[in-house]
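can you look at this prediction? I've put the sequence above it.
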Amino acid sequence: MDFRGAHIISVKQFERADIDRIFQVADSMEPYAHRKKVSKALDGAILGNMFFEPSTRTRMSFGCAFNLLGGHVRETTDVKSSSITKGESLYDTARVISGYSDVIVMRHPQVGSVADFAKASRVPVINGGDGSNEHPSQALLDLYTIKKELHSKNREIDGMHIAMVGDLRHGRTVHSLSQLLLLYNSIKFTLISPRELRMPVSIVSELQAAGHEVVATENMEAGLHDNDTVYLTRIQEERFASKLEADIYRGRFRLNQAIYTLNCQPNTVIMHPLPRDSRRDANELDNDLNQHPNLAIFRQTDNGVLVRMALFALILGVADKVNQTASTVSWYIESRFD
């Protein structure tokens with residue numbers, strides 16, 4: 001695809017060559033994300049960060065990625081702080097904010113809302129999550145993490161076995177990651193969830209039509225056997241009619257050191273898009289795994305900055321200019337990425 005000036009709304013936009021290009025640029029961003037260099041490739045450019053749902057990692061990592069390329073960030077972090085509360089439409093909001101920005105990242109609780117917003121925008125729009133539908137940049141960083149983690153163990157994405165665990169019905173991260181994996185070959189999916197929270201049939205059908213093996217189960221221990229990667233998700237309480245309804249499923253599937261040791265392979269990678277729900281009644285990913293070398297959740301968040309820097313550089317046409325405006329950092333840097 002031609003990235004320059006493009007909206008990033010769905011993973012379905014990508015071909016495998018596009019993924020390879022994004023990852024190639026992401027690799028080149030490591031010196032900047034690791035604070036060894038700074039770049040002014042986007043000096044003067046403005047990111048409009050429009051988040052109408054709560055976010056920590058996505059909002060901050062997009063902002064950080066833009067700042068690391070020399071750009072500036074302006075943001076709205078709540079519907080209540082925007083004119084939408086006064087009845088302004090998404091169309092009008094898009095027309096206005098795109099006049100202030102060079103690129104926009106948007107998160108909204110309604111499925112399809114970001115695509116509608118992009119139609120009215122005068123600048124590129126990146127989908128930061130539209131309800132339970134998609135989260136393309138999260139899928140990209142997840143796949144980038146899987147690639148790096150498996151490569152360190154002399155394995156590849158093609159032919160891997162991945163277990164997805166938790167709320168697969170409402171989890172936009174597993175929806176987007178599954179659809180991105182359609183571009184790869186001979187993958188086995190084990191989908192572990194309550195029957196009521198299974199992966200949408202449409203996505204399962206796509207996976208099977210692409211030649212992948214799909215197994216659905218409610219038995220977590222049995223489903224964890226012989227996986228290269230275990231990808232856990234929390235119960236998406238905000239997608240349920242009430243907290244009481246969500247509580248029915250909370251805490252049903254938990255991974256801790258004992259369960260991991262008993263059921264997983266010694267090199268199985270542990271992933272989670274975060275936030276993980278660490279409350280006692282949930283605790284889907286136990287703190288006793290925090291120091292486990294195969295726990296990749298914080299490497300995932302670090303990789304998110306690399307991937308989002310790559311998206312900005314490609315969309316705004318500066319991928320080949322980042323190094324041209326580079327200099328070494330002048331402040332004290334902890335060895336936080338070693």
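Yep, it's here.

contacting residues for S327?
Remark: with contacts taken as Cβ atoms under 8 Å, 6 or more residues apart in numbering, S327 is in contact with 37-38. For the C-beta atoms, the positions are set from N, CA and C on the backbone; glycine is no exception.

how near is it to L306?
In this structure, S327 and L306 are separated by 19 Å, where distance is defined by Cβ to Cβ, to the nearest Å.

for L262, same thing?
According to Cβ to Cβ, L262 and L306 sit 34 Å apart.

in the stretch 1-150 of the chain, where is pLDDT below threshold?
78-87 (pLDDT under 70).

host element of R107?
Using DSSP states H and E, R107 maps to strand 103-108.

following that strand, which helix or strand comes up?
Under the assignment DSSP H and E, the closest C-terminal helix or strand after strand 103-108 is helix 113-120.

just say helix, strand or coil for the nearest residue to S176 once chain neighbours are set aside.
The shortest distance from S176 to any residue that is not its chain neighbour, by Cβ to Cβ, 6 or more residues apart in numbering, is 3.6 Å, and that residue is A139. Look at A139: counting by DSSP: H, G, I helix; E, B strand; the rest coil, its state is helix.

any idea how far L42 is from A139?
For A139, the distance to L42 (Cβ to Cβ) stands at 24 Å.

what's the answer for N294, then?
From N294 over to L42 the distance is 36 Å, taken as Cβ to Cβ.

more neighbours: the two, which one.
Higher neighbour count among N294 and L42: L42, with 26 against 18, using other Cβ atoms under 10 Å.

ok, the more buried one touching V73?
No. L42 is beyond contact range of V73, at 10.6 Å (criterion: Cβ atoms under 8 Å).

between these two, which contacts overlap?
When contacts are counted by Cβ under 8 Å, 6+ apart, the set common to L42 and V73 consists of F66.

how far does the lengthiest helix in the chain sit from the chain's center?
For the chain, the longest helix by residue count, based on DSSP state H, is helix 297-315. Between the centre of helix 297-315 and the centre of its chain there are 9 Å (Cα atoms, centre = their mean, to the nearest Å).

and stretch 145-160, by the same measure?
On the basis of Cα atoms, centre = their mean, the separation between the geometric centre of stretch 145-160 and that of its chain is 18 Å.

C-alpha coordinates for it, PDB please?
Once non-C-alpha atoms are left out, stretch 145-160 reads as follows in PDB (Å, rounded to 0.1, in the frame of the first residue of the first chain):
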ATOM      1  CA  THR A 145       6.500  -8.700  19.500                       C
ATOM      2  CA  ILE A 146       5.600 -12.200  18.500                       C
ATOM      3  CA  LYS A 147       8.100 -12.000  15.600                       C
ATOM      4  CA  LYS A 148      10.900 -10.800  17.900                       C
ATOM      5  CA  GLU A 149      10.200 -13.200  20.700                       C
ATOM      6  CA  LEU A 150       9.900 -16.200  18.400                       C
ATOM      7  CA  HIS A 151      13.000 -15.200  16.500                       C
ATOM      8  CA  SER A 152      15.000 -15.200  19.700                       C
ATOM      9  CA  LYS A 153      14.000 -18.800  20.100                       C
ATOM     10  CA  ASN A 154      14.800 -19.700  16.400                       C
ATOM     11  CA  ARG A 155      11.100 -19.900  15.500                       C
ATOM     12  CA  GLU A 156       8.900 -18.100  13.000                       C
ATOM     13  CA  ILE A 157       5.300 -16.800  12.800                       C
ATOM     14  CA  ASP A 158       4.500 -19.200  10.000                       C
ATOM     15  CA  GLY A 159       3.600 -22.500  11.500                       C
ATOM     16  CA  MET A 160       3.300 -21.300  15.100                       C
END
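
returning to that earlier point: any idea how far I146 is from the residue nearest to S176?
Using Cβ to Cβ, A139 is found at 10 Å from I146.

what of V307?
Plainly put, V307 is 12 Å away from I146 if you go by Cβ to Cβ.

L262 and L306 - which one has more neighbours?
Taking neighbours as other Cβ under 10 Å, L262 and L306 compare with L306 leading, 27 against 10.

per-residue confidence for that one?
As summarised for this prediction, L306 has a pLDDT of 98.

the one 3 residues further on too?
With respect to pLDDT, M309 scores 98.

was I right about it contacting H34?
No. Contact status for M309 versus H34: not in contact, 11.4 Å apart, counting by Cβ under 8 Å.

more neighbours: which of these two?
The neighbour comparison of M309 against H34 (other Cβ under 10 Å) goes to M309, with 30 against 18.

OK, contacts around that one?
M309 is in contact with 25-26, 29, 32-33, 65, 68-69, counting by Cβ under 8 Å, 6+ apart.

are any of these buried, and which?
In terms of neighbour count (16 or more other Cβ atoms under 10 Å), the buried residues within the contacts of M309 are 25-26, 29, 32-33, 65, 68-69.
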